[in-house]
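S.K.: 3D, please:
(4 chains)
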2 protein chains.
Amino acid sequence: MSAVGSKDKGQGAKGKSTKAAPQQNRVRTVKEIAAIAKVSVATVSRALQRPEVVSEATRLRIHEVVKRLGYTPNALARNLRTARTRLIVALVPDIANPFFSEVIRGIEQVAHETGYSVLLGETQSSLVREQAYADMVAARQADGIITMSHRVPTIPIDGRLPVVNACEYVKDSQISSVYIDNVVAAGAAVDYLVMLGHRDIAFIAGPPTSPICVDRERGYQLALQRAKIRLNPALTAVGDFSIEAGERAIERLLSQARSFSAVFCSNDEMAIGAMRALSSHGLRVPEDVSVVGFDDIRFARYTTPSLTTVAQPKNALGREAMTMMIELLNDPQVPPRKRVLSADLVVRGSTAPRTSKRG
Amino acid sequence: MSAVGSKDKGQGAKGKSTKAAPQQNRVRTVKEIAAIAKVSVATVSRALQRPEVVSEATRLRIHEVVKRLGYTPNALARNLRTARTRLIVALVPDIANPFFSEVIRGIEQVAHETGYSVLLGETQSSLVREQAYADMVAARQADGIITMSHRVPTIPIDGRLPVVNACEYVKDSQISSVYIDNVVAAGAAVDYLVMLGHRDIAFIAGPPTSPICVDRERGYQLALQRAKIRLNPALTAVGDFSIEAGERAIERLLSQARSFSAVFCSNDEMAIGAMRALSSHGLRVPEDVSVVGFDDIRFARYTTPSLTTVAQPKNALGREAMTMMIELLNDPQVPPRKRVLSADLVVRGSTAPRTSKRG
DNA sequence: CAGCGCAATGTAATGGATTACATGAAATCG
DNA sequence: CGATTTCATGTAATCCATTACATTGCGCTG
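M.R.: This next block holds a predicted model:
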């Protein structure tokens, strides 16, 4: 199923004959610009950094030279001197997960408003890779890290970590974090299923290493308690957030123990997998089984039926994370904060009142 | 529908009293390490860069100090001196589009095999943002750019641009590029629809600014020609690659002129939108209308019905792009290459032989 | 007109690592 | 044993921009 044939349109091998090329377009330095504009390097630097302190005549002359020669100051030298990069790295476990893209948008919005740039690092939930990106901060290539993982890398700089945790959080950590109240949000989703008359409600959990997954499970359990439904362990399956995991979870649930008339999934991708697996077993959604997801990714609206899910305030999560990061960078003394946003259940087509046919 | 309530768990404002904190954990420099290990800075640097040239005793001693004090060399200083960062920036128009994530995986695989790091920049197809990221190369913060856009930013360094174009390409440009043969791939998709008996085949085009979109349209038109089907302009609609654009395109097509029994979409997200719009008009896929997408994103398999689509060799595209980048960085004299991979049609459930009921 | 202040610019120190070259000591050779 | 490598390490130049401090020249005041 992967690509096989391929052709190569190499455009003629000119060989190494042109090795000592004319190099008309060399890299420029302040010195050169200064020499050509007949000023000192300090004046060039000032003309670019704080134009108001340079006389108009010289300023114009310097800018002309800069433009003509296409000079861009070496950011390494500048950052080395000023000890800041105005760059922050956002760590995403999986860029393929559409949930994160919206969060990142929020981060970037605030970043641009405040003159920062954002670069993304995909970690695939690997500790090694998280640490590798975090080391960029230790190595002064970036000012801070916003991580969307439940682990927080160690970057001991001045005893303070310029790290913000978004969407996830670490228990008992001293890290500023933004996330939603997952217990309440999950509870609301299950309450809704209960309200529709469901009593045998299955749960597809996420990786238990992540506190927010534990919270979602807890929310599920508390909602059952509220409804005086005895928790049936056979109705809980664990997945890793992937579509495939959702499918497998349903296989397991169906092959086990009692039947169920609703499933609550810890994220939308597993819900998509669940719907898929249910229908391939001849079960209709929502007539036979109601399905609820979590996150409200872009595709949730476009599944068949469209997915009822818990909408996280993705943009707000990102914006808040970046805002906290800026606070932290401006004053490393500010104590870490935890900000808890709320999420809303979005009811779509994958949920329906329980029918007596199954259950 | 967005988050409203929120609480703030600020953990007690300790105030600025601890302003002159002990700073036990200051940032270290080679100098300090050298002093503590009782060697020169050169030896410290060597112990870290080329351990084999340092005697075992001193090497161990230095490493012990480095580890104990948690020293990380300042990458800015190093990169300034060595004039390379071993960092490349991958520019993605839209990280929310799952197509790119697989390509990026490919890029990262090769990058890690060769000791490079990859950071991602989302451009939202904005020229300004593309240029801003490209300037990082001019400013020496990154060694090169892999762009997945149909525009190529200008970075005149030594008269050479360390830029590789992946998935897209620019006509007549001197930029190394990897992409698939979109004319052939699109043609194969339409040939398949013809083979199923379809003759009224609609087309949802992508933004005509992108050469690959023009190619896909050309592939569609050539396939019709081969089948001796007269091109009907009323059966072509243009979209911007979003799900919503796919929906709107179907609205337009349905409201216009003749009917059709198949739609070929320039990407999967528009195909998802198209399926959605068709079924909300009471048209069944594939019984009434067959739908074909392009890209084979992860969700294509999980739509209802699952989507027939042209599978791009996403991983290979990424790997090849990064491989070219490394070639370019190792020898700026190598002439630009265009590498054309091939794509395969993946037949799933959204296509069926034409029935006589509609058409 | 001396003296002061201010504006504009220049000189040189600085940031933190790498590395060419220099040096000294030990090992090898004839 | 003296000469020549070889090995380990040190000294200092270098990468390039920023910026504290120094200098110059001018206008204004008393």
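
S.K.: Spit out the contact partners of the residue of the stretch 101-250 of chain A found nearest DNA strand C.
M.R.: As assessed by C-beta to the nearest atom of the strand, DNA strand C sits closest to A:Arg140 within the stretch 101-250 of chain A, at 7.5 Å. For the C-beta atoms, the positions are set from N, CA and C on the backbone; glycine is no exception. A:Arg140 is in contact with A:79-80, A:83, A:85, B:74-76, counting by C-beta atoms under 8 Å, 6 or more residues apart in numbering or on different chains.

S.K.: roughly how far apart are it and DNA strand D?
M.R.: Distance, A:Arg140 to DNA strand D, by C-beta to the nearest atom of the strand, to the nearest Å: 14 Å.

S.K.: any idea what sits nearest A:Gly246, other than its immediate chain neighbours?
M.R.: In this structure, A:Gly246 finds its nearest non-sequential neighbour in A:Gly273, 2.5 Å apart by C-beta to C-beta, 6 or more residues apart in numbering or on different chains.

S.K.: neighbours of the one you found, just the number please.
M.R.: 24 (other C-beta atoms under 10 Å in any protein chain shown).

S.K.: give me every residue that touches it.
M.R.: With C-beta under 8 Å, 6+ apart, A:Gly273 has these contacts: A:239, A:242-250, B:302.

S.K.: surely A:Ala271 meets A:Val310?
M.R.: No: A:Ala271 is beyond contact range of A:Val310, at 10.4 Å (criterion: C-beta atoms under 8 Å).

S.K.: Find residues that contact each of the two.
M.R.: Common neighbours of A:Ala271 and A:Val310 (C-beta under 8 Å, 6+ apart) are A:292-294.

S.K.: Secondary structure element for the residue nearest to A:Gly246, which one?
M.R.: Assigned by DSSP states H and E, A:Gly273 falls within helix A:268-280.

S.K.: Now that helix - C-alpha only, PDB.
M.R.: Only the C-alpha atoms of helix A:268-280 are listed here, as PDB (Å, rounded to 0.1, in the frame of the first residue of the first chain):
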ATOM      1  CA  ASP A 268     -12.900  11.500  20.700                       C
ATOM      2  CA  GLU A 269     -10.600   9.400  18.800                       C
ATOM      3  CA  MET A 270     -11.400   6.400  20.900                       C
ATOM      4  CA  ALA A 271     -15.000   7.300  20.500                       C
ATOM      5  CA  ILE A 272     -14.600   7.200  16.800                       C
ATOM      6  CA  GLY A 273     -13.000   3.800  17.000                       C
ATOM      7  CA  ALA A 274     -15.800   2.700  19.400                       C
ATOM      8  CA  MET A 275     -18.500   3.700  17.000                       C
ATOM      9  CA  ARG A 276     -16.700   1.900  14.200                       C
ATOM     10  CA  ALA A 277     -16.400  -1.300  16.200                       C
ATOM     11  CA  LEU A 278     -20.000  -1.200  17.400                       C
ATOM     12  CA  SER A 279     -21.400  -0.800  13.900                       C
ATOM     13  CA  SER A 280     -19.200  -3.600  12.600                       C
END
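
S.K.: Would you quantify the distance from the residue minimising distance to the centre of chain A to B:Arg26?
M.R.: Nearest residue to the geometric centre of chain A (C-alpha atoms, centre = their mean): A:Phe100, 3.6 Å. Between A:Phe100 and B:Arg26 the distance, using C-beta to C-beta, to the nearest Å, works out to 35 Å.

S.K.: related to what we said a few turns ago, which non-adjacent residue is nearest the residue nearest to the centre of chain A?
M.R.: Nearest residue to A:Phe100 in three dimensions, chain neighbours excluded: A:Val92, at 4.8 Å (C-beta to C-beta, 6+ apart).

S.K.: Contacts only, for the one you found.
M.R.: A:Val92 touches A:100, A:104, A:120-123, A:148, counting by C-beta under 8 Å, 6+ apart.

S.K.: Apply 7 Å and report the result again.
M.R.: A:100, A:120, A:122-123, A:148 (C-beta atoms under 7 Å, 6 or more residues apart in numbering or on different chains).

S.K.: Among these, which one has the most neighbours?
M.R.: A:Phe100 (28 neighbours).

S.K.: Let me see the backbone angles for the residue of chain A most remote from its centre.
M.R.: In chain A, counting by C-alpha atoms, centre = their mean, A:Lys38 sits farthest out from the average C-alpha position, at 48.9 Å. In terms of degrees, to the nearest 10, the main-chain angles of A:Lys38 are phi 60, psi 50.

S.K.: The closest residue in space to it that isn't next to it in sequence: which element?
M.R.: Nearest non-adjacent residue to A:Lys38, counting by C-beta to C-beta, 6+ apart: A:Arg61, 7.9 Å away. Assigned by DSSP H and E, A:Arg61 belongs to helix A:56-69.

S.K.: check whether that helix contacts DNA strand D.
M.R.: No: against DNA strand D, helix A:56-69 shows no contacts by C-beta under 7 Å from any atom of the strand, the least distance being 10.3 Å.

S.K.: Distance from the chain centre to that helix, please.
M.R.: With C-alpha atoms, centre = their mean, to the nearest Å as the basis, helix A:56-69 stands 42 Å off its chain's centre.

S.K.: can you count the residues close to the residue nearest to A:Lys38?
M.R.: Neighbours of A:Arg61 (other C-beta under 10 Å): 18.

S.K.: just to revisit the earlier point, for the residue nearest to the centre of chain A, give me the pLDDT.
M.R.: With respect to pLDDT, A:Phe100 has a value of 94.

S.K.: I'd like the distance between it and A:Ile107.
M.R.: Counting by C-beta to C-beta, the gap from A:Phe100 to A:Ile107 is 10 Å.

S.K.: quick one: buried residues of the helix holding A:Arg61?
M.R.: A:58-59, A:61-63, A:65-66, A:69 (16 or more other C-beta atoms under 10 Å in any protein chain shown).

S.K.: Hmm, A:Val263 and A:Ile204 touching each other?
M.R.: Yes: counting by C-beta atoms under 7 Å, A:Ile204 does reach A:Val263; the two are 6.3 Å apart.

S.K.: what do those two both touch?
M.R.: Counting by C-beta under 7 Å, 6+ apart, the common neighbours of A:Ile204 and A:Val263 are A:Ala274.

S.K.: Run through the stretch 1-150 of chain A and note the low-pLDDT ranges.
M.R.: Residue ranges of the stretch 1-150 of chain A with pLDDT under 70: A:1-25.

S.K.: As a check, name the ranges of all helices in it.
M.R.: A:30-37, A:41-49, A:56-69, A:75-82, A:98-113, A:127-138 (DSSP state H, counting those that start in this stretch).

S.K.: May I have stretch A:175-193 as PDB, with CA atoms only?
M.R.: What follows is stretch A:175-193 as a C-alpha-only set of coordinates in PDB (Å, rounded to 0.1, in the frame of the first residue of the first chain):
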ATOM      1  CA  ILE A 175       4.400  24.000  37.900                       C
ATOM      2  CA  SER A 176       2.000  26.500  36.600                       C
ATOM      3  CA  SER A 177      -0.800  24.700  34.900                       C
ATOM      4  CA  VAL A 178      -4.000  25.200  33.000                       C
ATOM      5  CA  TYR A 179      -6.500  22.500  32.500                       C
ATOM      6  CA  ILE A 180     -10.200  21.700  32.900                       C
ATOM      7  CA  ASP A 181     -12.000  20.100  35.800                       C
ATOM      8  CA  ASN A 182     -12.000  16.700  34.300                       C
ATOM      9  CA  VAL A 183     -13.900  15.100  37.200                       C
ATOM     10  CA  VAL A 184     -16.800  17.500  36.800                       C
ATOM     11  CA  ALA A 185     -16.700  17.400  33.000                       C
ATOM     12  CA  ALA A 186     -16.700  13.600  32.800                       C
ATOM     13  CA  GLY A 187     -19.400  13.500  35.500                       C
ATOM     14  CA  ALA A 188     -21.600  15.800  33.500                       C
ATOM     15  CA  ALA A 189     -21.300  13.600  30.500                       C
ATOM     16  CA  VAL A 190     -22.300  10.500  32.400                       C
ATOM     17  CA  ASP A 191     -25.100  12.300  34.200                       C
ATOM     18  CA  TYR A 192     -26.500  13.100  30.800                       C
ATOM     19  CA  LEU A 193     -26.400   9.400  29.800                       C
END
